[in-house]
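Novice: sequence plus predicted model, see below.
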Amino acid sequence: MCTMTQNLLKTECAGIQTGCEIRFTCPVCHTDTTLIIKTPKDFYRRSRDATCRHCKNRATILTPGQTYKPAFLQT
């Protein structure tokens, strides 16, 4: 019989996009990780899933674009 895995929620953390790479700090092991953007379509996304290279934890990285303003700053 096959067992089903649990659908675990991914943690969210903020990342910084500089050029074609995204830097973020893993919320579990607190190490700095770099994610390289390989396609132009991924460059404009505000969130993406990534894996920490140290602890292999999956997280959702939030990277707002240059034109994005939080709701409290919009007038």
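Specialist: Nice, I can see it.

Novice: any idea how far residue 18 lies from residue 26?
Specialist: 18 Å (Cβ to Cβ, to the nearest Å). The way it works is simple: take the backbone N, C-alpha and C, and place the C-beta from them, glycine included.

Novice: and those two? Which one has more around it.
Specialist: Between residue 18 and residue 26, residue 26 has the larger neighbour count (other Cβ atoms under 10 Å), namely 20 against 9.

Novice: could you check how far the closest residue to the more buried one other than its chain neighbours is from residue 27?
Specialist: Spatially, and ignoring its direct neighbours in sequence, residue 26 is nearest to residue 52 (4.0 Å; Cβ to Cβ, 6 or more residues apart in numbering). In this view, residue 52 and residue 27 are 9 Å apart by Cβ to Cβ.

Novice: between those two, which contacts overlap?
Specialist: By the contact definition Cβ atoms under 8 Å, 6 or more residues apart in numbering, residue 52 and residue 27 are jointly contacted by residue 59.

Novice: which of those two has more residues huddled nearby?
Specialist: Counting neighbours by other Cβ under 10 Å for residue 52 and for residue 27 shows that residue 52 has the greater number, 19 against 13.
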